[in-house]
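> Just need the structure, nothing else, for what follows:
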Amino acid sequence: MTKVIQKETQSKKNISVTVPKQKTLFSLSPAIIPDNEKVIHNYWGKKVSNPNAIVYFKGTPILFAGSKLVIKALPKAGKTSIDESIIANYINPESAPMGFTTKLYGRTKILFIDTEQSEYESQRSYDRIMKRCGFDLSEPDPPEEANKLIHRNFKRLLPEEMTIEITDTLKKNPEIGLIIIDVVTDLADDGVMEMKDALKVLKLFNSINEEIGIICSIHVNEGEGLKKPSRGHLGRELERKCSATVYLTKEDDDTIKIEITANRIGGNSEPIYYTWNDNLGMFVESDYKPINIDLKEKHIKEIQELFVNKNEQSTKVLKAIFFKLHPGTSVKNFDYYIAQWKQMGLIESPNRGIWRIKNV
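Numbering: from 1, shown residues only. Below is the predicted model:
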């Protein structure tokens, strides 16, 4: 939006000078598109600007304004930690970002919607974000930057009530430039989801101003396969329409792996690992590198070398032999091996601290 200033020159002629007008709270276009503006008209000579990138991962754009980003994983795999990291990096760019960088243009706030956690867990999530930003929670009043986050818990609402609440919140807060919903499928029927329930949510998203980005956390189905499908009609439709997918898997109790897949913008990424830090109370990037042994025969050979032709060994002895075979690796690598072999049915633990060869 611009204003025109009439400037009088020495020749007494009026010259029009175009001066950019700063966007303010009152000049922001509505967050919910009015009904009479939902039809987009294309025509000869129309100029359309490229949308701004809102979220990056390791410098690669994964979410643009007007697009949707999907974060998918099994329950309790760490999706909320990624949400918190994305928010914290916007509030304080110096915060530990787990590889994510967040930028908003014109609009200045993030709406974070929690649909499933208890009030206690939801408040802990808010507190973790503030701690990640470096804020002191013992202070009586929050710093001004904390107001960049609008945090809402919708657990007590029905799906249709959630939709109404999102719409009302956006209308009352036109400064919102990014919406994060954890978990998005709760906006649809929480019973047996039908396609019509998914379409209602997609209709809501299509009514949101294209200056705003949307991040949707989704559970994946249990079962086999590295790239498990997103749950329900809504999950599959969002994954099909999104700009990129953040795929999250747990390597062990303390380590998660992040991969960017189906990125239409900047390409996919190599897996990056993050380990839980008790002192910081958050996931931080680590040098964890799982040893990739795909063939069962190689697994069996490794087990035989570790057990030294014995049927049983203590954990202490196994670790000592493991570090000789794989110098420079960590205890987490050892734990990863043991968990893999146990899952494959190659070893078992009859007693605490003791491992026995099985089916080798």
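> Next, the contact list for I303, please.
Residues in contact with I303 (CB atoms under 8 Å, 6 or more residues apart in numbering) are W341, L346, I347, I357, V360. Bear in mind the C-beta positions are built from the backbone N, C-alpha and C, glycine included.
> Compare those and tell me which is most surrounded.
Ranked by neighbour count (other CB atoms under 10 Å), those have I347 at the top, with 24 neighbours.
> what's near enough to touch the closest residue to it other than its chain neighbours?
Counting by CB to CB, 6 or more residues apart in numbering, I347 lies nearest to W341, which is 4.7 Å off, once chain neighbours are set aside. Counting by CB under 8 Å, 6+ apart, W341 makes contact with H299, I303, I347.
> on that earlier part again, list just the nearest of the contacts of I303 to T255.
The nearest member of the contacts of I303 to T255, counting by CB to CB, is W341 at 17.4 Å.
> quick one: what helix or strand has that closest one in it?
For W341, the host element (DSSP states H and E) is helix 331-344.
> now the very next helix or strand once past that helix, how far from the chain's geometric center?
Scanning forward in sequence from helix 331-344 by DSSP H and E, the next helix or strand is strand 347-348. Its chain's average C-alpha position is 35 Å from that of strand 347-348, according to CA atoms, centre = their mean, to the nearest Å.
> Helices of this protein, start to end?
Along the chain, the segments classed as helices by DSSP state H run 79-91, 119-132, 159-172, 195-206, 232-241, 296-307, 315-325, 331-344.
> out of the ones you listed, nearest to T255?
Across those, closest to T255 is helix 331-344 (CB to CB), at 6.3 Å.
> Outside of stretch 37-46 itself, list whatever touches it.
So stretch 37-46 is contacted by S207 (CB under 8 Å, 6+ apart).
> could you give me the average pLDDT of stretch 110-121?
For stretch 110-121, mean pLDDT rounds to 95.
> And the contacts of that stretch?
The contact list for stretch 110-121 (CB under 8 Å, 6+ apart) reads 80, 83, 87, 90, 102, 104, 122, 125, 148-155, 162, 166, 169-170, 173, 176-184, 186-187.
> Separate out the buried members of those.
Buried by 16 or more other CB atoms under 10 Å: 80, 83, 87, 90, 102, 104, 122, 125, 148-151, 153-154, 162, 166, 169-170, 176-184, 186-187, out of those.
> what mean pLDDT would you report for the helix holding W341?
For helix 331-344, mean pLDDT rounds to 79.
> buried ones in it?
K332, N333, F334, D335, Y336, Y337, I338, W341.
> Ok, stretch 272-288 next?
I272, Y273, Y274, T275, W276, M282, F283, S286, Y288.
> could I get those as JSON lines with distance to L238?
Output for those, formatted as JSON lines (distance: CB to CB, whole Å):
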{"residue": "I272", "distance to L238": "23"}
{"residue": "Y273", "distance to L238": "26"}
{"residue": "Y274", "distance to L238": "24"}
{"residue": "T275", "distance to L238": "29"}
{"residue": "W276", "distance to L238": "28"}
{"residue": "M282", "distance to L238": "27"}
{"residue": "F283", "distance to L238": "24"}
{"residue": "S286", "distance to L238": "30"}
{"residue": "Y288", "distance to L238": "30"}
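> can you tell me which of the residues you listed are in strands?
Residues of the buried residues of stretch 272-288 located in strands (DSSP state E): I272, Y273, Y274, T275, W276, M282, F283.
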